[in-house]
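**Q** Next comes the sequence, and after it the predicted model I'd like to discuss.
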Amino acid sequence: MAHILDALRDHVLLCDGGMGSRVQEMNLEVEKDFWGQENCTDILTRSRPDVVREVHRGYFQAGADTVITNTFGTSPVTLAEFDLADEAFGLSKEAAELAREAASEFAGDGRERFVLGDIGPGTKLPSLGHIDYDTLEDAFAVQAAGLIAGGVNAILIETCQDPLQIKAAVNGAKRARADGGKGADDVPIFVQVTVETTGTLLVGSDIAAAATAIGALDVPLLGLNCATGPQEMAEHVKWLSENWSGLISVQPNAGLPELVDGETVYPLRPAELARWVERFIEEDGVNLIGGCCGTNIGHIEALDAMLRARAESAAHRPVPVRRTVHTVAAVSSLYSRVELRQENAVFAIGERCNANGSKKFRELLAVEDWDGCVAMGREQGKEGSHTLDVCTAYVGRNEVADMTAVVSRLRGAVTAPLVIDSTELPVLEAALKLYGGKAIINSINFEDGEEPAAQRLALARKFGAAVIALTIDEDGMAKDAAGKLRIAKRLYDFAVNKHGLPPGDLLFDPLTFTICTGNADDRRLGLETLDAIETLARELPDTQIILGLSNISFGLKPAARHVLNSVYMHHAAQRGMGGAIVHVSKIMPLHKIPDEEVQTAEDLIFDRRGTQGAASGGRDDYDPLHSF
C-alpha cells in the first residue's frame, strides 16, 4: 500500500460522509442499541459493531477512498461524561479495527483504501478555561494510542474550535506515535478546523491565526470541516490555497442547517455539494474532499462521480491542481496573525509588560492588579506594538504563578501575540501551556552551555513558538561584530540544523550596549552592533534580526533617550534590522526631530569626535556625548 501522504500528493482522494447522519437514519434505540448512553455514538463500536461496520462499508461502496473511525468522542475526558473514561483506549482500538475490516473487504479491486483515526475536540476548550492543558494532552494521547494500535493510516484531529486544544491533541498524538512501536512513527497527523458563520473559530481565531499556530507543529495537512456548507467555507479555503504550503482538505456540511417542523434539516443536495467541491479542486488545489454533518451515501456517490469525470482515463482519481503559495514567517495571538517582517515598518515588540524594565508593571504585579496589567498590554497594542514582551520575574514573588495569572488574562484580552520572557524553563513551559497562539520565546543563548538552549528549543518545537537568540556564549556577551557573527552562526546551526527550528522562526538579538558611559571602550559598541546587523542580514537572510533597543541610551535623561533610540533604530533598520523591543510611543520619525539633534545623535553612534562630527562646528574639542 502506498503511504497516505504520497497518495494525497498524487491524487485527490475522497473521504466519507457523516457518521452521525448515517446512524440517525437507522432509528436506533437508546436502551437497546446505545446501552442507555444517549448521544454516545462511540459506544456503538461495542454495542452494535455491525452498524459501524455497515456505515464504513456503505461509504466505501459509494466510492470513498478513506473512512473516518467512529471515535469522535473516545478521549477519556469526553467518555468520562458517560462514566466510560477507562474504555478510551479499547473503544478507540476496536473502532479502528472495524474500519480496517471494512476496508479489507474491498481489497483487490485495483484501488487503495485508507482509514483515518478520528479525534474530535471534546466538550472542554482550554483557552476558555474549561480544562488544563496537561489533562487534555494526556487524554488525547490515550485516544491516539488506541487508534494507532488499531491500525489507522493517519490521525485526523477534526472539528477544532481552539488552537490550544489543537496543540494538546497534536502533542498527545505525537506521544502515542513515539510510544506505539514499529511503524507508529510513520502515522501522519492531520488537522481540520471549524470556522463558524462569524468567520472565526469558536474562540475567535481567524483562519490565518489558526494556520500560523498549526503550521508550527509540523502538520502536513490542514483543512476545514463542519459548521457550514461549502459556500461559507470558500473564503477560508482560498486563504489556505494561497498561504498554506501543505496538503488541504475540505469536508463541508450539506449546507447550513435549517429547522423544519422541529427537526434539523441540511438543505444541500448531492449534486449541489459536488459542484461546490469541484470548485475547490479546480480553483484551490485541495487534496482531500468529503462530507460532514448532513451528508450521506448519496453525497459521497455524487462526489465520486465528479472525481471520476475529472480523472484521466488511465487514472481513477484526478491529480491535484498545482498551487502558488506565498509563505511568510509569522506569529499569532489567539485571534490574528502578525508577520515578522513588516512592510515599511519595524516589527515592534512592546517592552512595558516587563517587571525588569517597567516600574509601573512591577508595581501592578506587587499588588496583583491583573486588570491593570491587561490594561498596559492593551495600551501598547493601541500605540502600535505588534507583539508584547511579558516578563514577571520579580524578587520575592512566584514567577510561575504571576506568569500564569498574566498570560491567562492577556491571551483573551489582547490581539497582539505574546513574547514569553523568562530565564526559567518552568515559567516558559507554564506560559506556553496556556497560549493557543504562536508565541515567541525570549530567549536562548550559550551562556551556560548548550543544554539550557536545547531545553528551550524543545519547548519551542513542541508548542510551536519562534525563538529570540542572544549572541552570548560561555565567554560572555559578544561586543564586537566578529564575535556576534560567530555566535549567531553557532546558534543557527544549533537551532535550525540540530533542533529543526525553521530559519524564519529564529530571531537574532545581536545585543547593543550603552554608548553613554564616557568610557573609551564603549564608544564603538553601537557601531559594532550595526556592522553585525548588516553582516547577519546578508549571510543569514532567512532569519530575523531584532534589538533590545533602549540599551543603547542607558544612563541618559528620558528626553535624550527618546532621540538617541529613534535615531539608532533608523540606522539599524537601514542596515537590516527587522524588529525591536521598544516603547513604541517614545520613538519619533527623524523628520520630527530637529536636525542638530539628529546630527549629534549620529555623531555619538558613529563615534565622530572633534572636527569629524557633523554637529561639531569645526571644534577640535567636540564630544557628541557632552553635547547630547
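**A** Received, thanks.

**Q** C-alpha only now, for contacts and for neighbours.
**A** Noted.

**Q** Trp244: neighbour count?
**A** Using other Cα atoms under 10 Å, Trp244 has 25 other residues around it.

**Q** For it, give its distance to Ala210.
**A** Separation of Trp244 from Ala210 (Cα to Cα, to the nearest Å) stands at 11 Å.

**Q** Distance of the most centrally placed residue in the chain relative to Ala458?
**A** Centroid-nearest residue in the chain, with Cα atoms, centre = their mean: Ala213, separated by 0.9 Å. Here Ala213 is placed at a distance of 16 Å from Ala458 (Cα to Cα).

**Q** Any idea which helix or strand in the protein has the lowest mean pLDDT?
**A** Counting by mean pLDDT, DSSP states H and E, the chain has its least confident helix or strand at strand 263-265, which shows a mean of 84.

**Q** Which positions in stretch 596-615 come out as buried?
**A** Counting neighbours by 16 or more other Cα atoms under 10 Å, one finds that the buried residues in stretch 596-615 are 597-610, 613-615.

**Q** And for stretch 171-182?
**A** Here stretch 171-182 shows Asn171, Gly172, Ala173, Lys174, Arg175, Ala176, Arg177, Gly180 as buried, counting by 16+ other Cα under 10 Å.

**Q** Likewise for stretch 355-367?
**A** By 16+ other Cα under 10 Å, the buried positions in stretch 355-367 come out as Ala355, Lys360, Phe361, Arg362, Leu364, Leu365.

**Q** just stretch 524-531 next, same as before
**A** Neighbour counts using 16+ other Cα under 10 Å place Arg524, Leu525, Gly526, Leu527, Glu528, Thr529, Leu530, Asp531 of stretch 524-531 among the buried residues.

**Q** neighbouring contacts of that stretch?
**A** Contact with stretch 524-531 is made by 479-481, 510-515, 552, 571-572, 575, 605-607, as judged by Cα atoms under 8 Å, 6 or more residues apart in numbering.

**Q** Redo the buried residues of stretch 524-531 as a markdown table? Include secondary structure, pLDDT and distance to Gly285.
**A** Shown next, in a markdown table, are the buried residues of stretch 524-531 (DSSP: H, G, I helix; E, B strand; the rest coil; pLDDT from 0 to 100; distance: Cα to Cα, whole Å):
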| residue | secondary structure | pLDDT | distance to Gly285 |
| --- | --- | --- | --- |
| Arg524 | coil | 96 | 54 |
| Leu525 | helix | 97 | 52 |
| Gly526 | helix | 97 | 49 |
| Leu527 | helix | 97 | 49 |
| Glu528 | helix | 97 | 48 |
| Thr529 | helix | 98 | 45 |
| Leu530 | helix | 98 | 44 |
| Asp531 | helix | 98 | 45 |
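
**Q** from the buried residues of stretch 355-367, which single one is nearest Leu540?
**A** Of all the buried residues of stretch 355-367, Ala355 has the smallest distance to Leu540: 32.4 Å, by Cα to Cα.

**Q** Could you pull up the contacting residues of the closest one?
**A** Residues in contact with Ala355 (Cα under 8 Å, 6+ apart) are Phe361, Arg362, Leu365, Cys391, Thr392, Ala393, Tyr394.

**Q** Among those residues, which ones are in helices?
**A** Phe361, Arg362, Leu365 (DSSP state H).

**Q** and of those, the nearest to Gly129?
**A** Comparing those against Gly129 with Cα to Cα places Leu365 closest, at 21.7 Å.

**Q** Surely the closest one and Asp402 touch.
**A** Yes - at 7.4 Å, Leu365 counts as touching Asp402 under the criterion of Cα atoms under 8 Å.

**Q** and for those two, which residues touch both?
**A** Common neighbours of Leu365 and Asp402 (Cα under 8 Å, 6+ apart) are Thr392.

**Q** quick one: the strands in the stretch 351-500 of the chain?
**A** For the stretch 351-500 of the chain, strands defined by DSSP state E, counting those that start in this stretch occupy the ranges 387-390, 418-421, 440-444, 466-470, 472-473, 476-477.

**Q** contacts for the fifth one?
**A** So that's strand 472-473. If you take Cα under 8 Å, 6+ apart as the criterion, strand 472-473 is touched by Asn445, Phe446, Glu447, Asp448, Gly449, Ala478, Lys484, Ile487.

**Q** Just the buried ones from these?
**A** For the contacts of strand 472-473, buried by 16+ other Cα under 10 Å: Asn445, Phe446, Glu447, Ala478, Lys484, Ile487.

**Q** related to what we said a few turns ago, now the contacts of Ala355 in TSV, with pLDDT and distance to Arg22?
**A** Listed next are the contacts of Ala355 as TSV, based on pLDDT from 0 to 100; distance: Cα to Cα, whole Å:
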residue	pLDDT	distance to Arg22
Phe361	97	56
Arg362	96	58
Leu365	96	55
Cys391	98	52
Thr392	97	53
Ala393	96	55
Tyr394	90	58
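
**Q** Closest one of those to Glu539?
**A** Cys391 (31.4 Å).

**Q** The residue nearest to the centre of the chain: what's it in contact with?
**A** Pro163, Val331, Ser332, Gly436, Gly437, Lys438, Gly464.

**Q** In what element of secondary structure is it found?
**A** In this assignment (DSSP states H and E), Ala213 forms part of helix 207-215.

**Q** separation between Val260 and Glu272?
**A** 20 Å.

**Q** which one of the two has more residues nearby?
**A** Remark: of Val260 and Glu272, Glu272 carries more neighbours, 17 against 9, as counted by other Cα under 10 Å.

**Q** Okay, and that one sits in which element?
**A** Assigned by DSSP H and E, Glu272 belongs to helix 270-284.

**Q** Can you point out the buried residues in that helix?
**A** By neighbour count with 16+ other Cα under 10 Å, helix 270-284 contains the buried residues Pro270, Ala271, Glu272, Leu273, Ala274, Val277, Glu278, Phe280, Ile281, Asp284.
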